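Colleague: The following block contains a protein sequence and its predicted model.
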Amino acid sequence: MRYKLSPATLTELLPLCRTDLWPDPGEVDEFLEAFDGFVRAVRRARGVGSRDAGGLTLSQYSLLEPLRERTAARVSELADAAGVSGPTATSILDTLERRGVIVRSTASGDRRGIDVALTDSGAELLATRHAWLREQQRDLFRALGVQERALAPGVLDRLSELVDRLAAGPSD
């Protein structure tokens, strides 16, 4: 049930609200600047190649990451897991295939489907990149204070949800 409050009622209730819990406008501005910086950093990281010419970009890693636990996957499954379109995934996979990181084959039982599998060198490359990424994440975690560590999982989950909503765009 929704209640409609008159402006007079709102004026009477306002002094009862805990204004000490309201964010300071400067805090909001600082948060918005930090969030915008975070989004820009993610965008830069996804579009920039690895410093190691034989390494994987974050976009390539994200696309291949499901293959750490499986021997093969469909292009569409990899694209969905990485949050990219089929054509984008195909373009990334073209590059990785030319480098000998992956092999593609017609899916057994469905000639329309394409399976992707890592080569031996691709599996090694993916494992190396995964270990490096995890170490960077552990370093960040170790640098956090006790309270920050306790808050971090919830904040990261909420940031992930927000980024997903932003990527989806307005619902109207």
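Modeller: Cool, got the structure.

Colleague: which strands and helices sit next to the helix or strand harbouring A131?
Modeller: Per DSSP states H and E: A131 is located in helix 120-143. Judged by 3 or more C-beta pairs under 8 Å, 6 or more residues apart in numbering; DSSP states H and E, the packing partners of helix 120-143 are helix 58-64. No exception for glycine: its C-beta is placed from N, CA and C like everyone else's.

Colleague: Compute the mean per-residue pLDDT across the helix it packs on, please.
Modeller: The pLDDT scores in helix 58-64 average 92.

Colleague: Residues touching that helix, excluding its own?
Modeller: Contacts to helix 58-64, defined as C-beta atoms under 8 Å, 6 or more residues apart in numbering, come from residues 45-47, 56, 78-79, 81-84, 89, 92-93, 95-96, 101-102, 118, 122, 126, 129-130, 133.

Colleague: Buried ones among those?
Modeller: Among those, those scoring as buried are 56, 78-79, 81-82, 84, 89, 92-93, 96, 101-102, 118, 122, 126, 129 (criterion: 16 or more other C-beta atoms under 10 Å).

Colleague: V146: which of these is nearest?
Modeller: Nearest to V146 among the buried ones among the contacts of helix 58-64: R129, at 30.3 Å, using C-beta to C-beta.

Colleague: Check the gap between P87 and A79 for me.
Modeller: P87 sits 9 Å away from A79, going by C-beta to C-beta, to the nearest Å.

Colleague: With V39 instead?
Modeller: V39 sits 22 Å away from A79, going by C-beta to C-beta.

Colleague: Around the residue nearest to L144 when sequence neighbours are not counted, how many other residues sit close by?
Modeller: In space, and not counting its chain neighbours, L144 is closest to A152: 6.2 Å by C-beta to C-beta, 6 or more residues apart in numbering. By other C-beta atoms under 10 Å, the residues close to A152 number 13.
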